[in-house]
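Student: What follows is a predicted structure for the sequence shown.
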Amino acid sequence: MDLSFLRECLARILERKRTFILLAALCLVGAILGLCFIRTPAVYDYHLGLCERYVVRVCFSDRSVFVIFWERLAGAALLIALMLLSGVHFAALIVPPAILLYRAYTFGGSLVIFFSVYRVTGVLIVFVLYLPVHLLLDAVLLAATTLSCARAPHFCFCRHDFCELGMDFCALLLLAAAVCLFESVLLLAIFHPIGTVL
């Protein structure tokens, strides 16, 4: 299998290291804000709902790990598509940072919920599953945003640019699939009984 499109995509991301680092710093700020404002009642209830849904539908679900994999990959694919499509025009570049900031904000707040509400189980979920998978998917989304920032100044509605956009989507989707597969393996090994594989 020829993965040259993946190497080429990663090379263009590395050329924009400053953009990637700046966006990562934005995510860090968002996570800190999530940690700081979690005690607000409405915010607390919202994050509690997010964590409960994650625990019930992902960690300790009776559903097949295979189904969870495809659901998670579909969600990641949608976010990647939105972030890459924002690179067709400068005005659309507001979308990716907003998504990243929201994800980082809910990430920070969710960490507090996992530690304070779920205690030992929450610590296990965070360090074994939630934290590594979330950070890896965020890295993929940061890469998509970096590519969009590089593409926006010179994007033309021509075949070449759309082909490049499609190849970037395929490359990042492949990376997201690897992360979701990693998550599925962790779910199967630690959280799900063998009977829920199929």
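Tutor: Noted; the coordinates are in hand.

Student: what about F115, distance to V43?
Tutor: 16 Å (C-beta to C-beta, to the nearest Å). (C-beta placed from N, C-alpha, C; glycine too.)

Student: does the nearest residue to R72 once chain neighbours are set aside count as helix, strand or coil?
Tutor: Nearest residue to R72 in three dimensions, chain neighbours excluded: C180, at 4.8 Å (C-beta to C-beta, 6 or more residues apart in numbering). Secondary structure for C180, judged by DSSP: H, G, I helix; E, B strand; the rest coil, is helix.

Student: Okay, and the spatially most central residue of the chain sits in which element?
Tutor: In the chain, the centroid-proximal residue (C-alpha atoms, centre = their mean) is L137; its distance is 3.3 Å. Assigned by DSSP states H and E, L137 belongs to helix 131-151.

Student: For that helix, buried residues please.
Tutor: 133-134, 136-151 (16 or more other C-beta atoms under 10 Å).

Student: Quickly note the distance from the most far-flung residue of the chain relative to its centre to L82.
Tutor: Most distant from the centre of the chain: C158, at 29.2 Å, with distances by C-alpha atoms, centre = their mean. C158 sits 22 Å away from L82, going by C-beta to C-beta.

Student: C163 now?
Tutor: Taking C-beta to C-beta, one finds C163 at 19 Å from L82.

Student: Mind checking which of these two has more residues around it?
Tutor: Counted by other C-beta atoms under 10 Å, C163 and L82 do not tie: L82 has more neighbours, with 16 against 10.

Student: picking that back up, touching, the residue nearest to R72 and A74? I think so.
Tutor: No: using C-beta atoms under 8 Å, C180 is not in contact with A74; the gap is 9.5 Å.

Student: Show me which of the two is the more surrounded one.
Tutor: More neighbours surround C180 than the other of C180 and A74, with 23 against 10 (other C-beta under 10 Å).

Student: can you pull the contacts of that one?
Tutor: C180 makes contact with 69, 72-73, 76, according to C-beta atoms under 8 Å, 6 or more residues apart in numbering.

Student: and which of these is nearest to E8?
Tutor: Top of the list for closeness to E8, among the contacts of C180 and by C-beta to C-beta, is A76 at 21.0 Å.

Student: ok, for the closest one, nearest residue in space, not its chain neighbours?
Tutor: A176 (4.1 Å).
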